[in-house]
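Asker: Quick one, what's the 3D model for this:
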Amino acid sequence: EVQLQASGGGLVQAGGSLRLSCATSGFNFVDYAIGWFRQTPGKEREEISWLSILDGSTWYQISVKSRFIISTNNAKNTVYLQMNNLKPEDTATYYCYADVSWRDYWGQGTQVTVSS
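Answerer: Okay, here's the model as predicted:
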């Protein structure tokens, strides 16, 4: 069974940092890409970063590109999102995502709140 479990959210002051984790199981981790998305009430879920486990290539939404870093620990089948210099507009529920065999799988979401 494919599972993604996101964790690491919390409350932080503007300018602070958090590291989100996405622990995965049930599929051959190294063959896929893992994405991070976020969503605020009343808005669509937006993609913010991707990592191809196979070749290490990454992508970032322009609003986070200089502040967030996506990485992986292949031994733990886990993808991380290091978030630095957080801003109040980063406040959202964060989800990790994988498309495994043409099916969508989402982590359960972890709340990030950035106070000004």
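
Asker: hey, what's the residue nearest the centre of the chain bridged with?
Answerer: Residue closest to the mean C-alpha point of the chain, counted by C-alpha atoms, centre = their mean, is W36 at 3.1 Å. With DSSP bridges applied, the residues forming beta bridges to W36 are S49, C96.

Asker: what's near enough to touch it?
Answerer: The contact partners of W36, taken as C-beta atoms under 8 Å, 6 or more residues apart in numbering, are 20, 22, 47-50, 70, 79, 81, 94-97. From N, CA and C alone the C-beta is placed, and that goes for glycine too.

Asker: Retrieve the pLDDT associated with it.
Answerer: Note on W36: pLDDT of 98.

Asker: Also A98?
Answerer: Per-residue confidence (pLDDT) for A98: 96.

Asker: That one: which element?
Answerer: Using DSSP states H and E, A98 sits within strand 92-100.

Asker: roughly how far out does that strand sit from the chain middle?
Answerer: Distance of strand 92-100 from its chain centroid, counting by C-alpha atoms, centre = their mean, to the nearest Å, is 6 Å.

Asker: what would the contacts of W36 look like in a markdown table with neighbour count and distance to G107?
Answerer: A markdown table is the format used below for the contacts of W36 (neighbours: other C-beta atoms under 10 Å; distance: C-beta to C-beta, whole Å):
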| residue | neighbour count | distance to G107 |
| --- | --- | --- |
| L20 | 24 | 9 |
| C22 | 27 | 6 |
| E47 | 14 | 14 |
| I48 | 24 | 14 |
| S49 | 22 | 14 |
| W50 | 18 | 14 |
| I70 | 21 | 14 |
| V79 | 29 | 10 |
| L81 | 27 | 11 |
| Y94 | 25 | 9 |
| Y95 | 22 | 5 |
| C96 | 28 | 4 |
| Y97 | 19 | 7 |
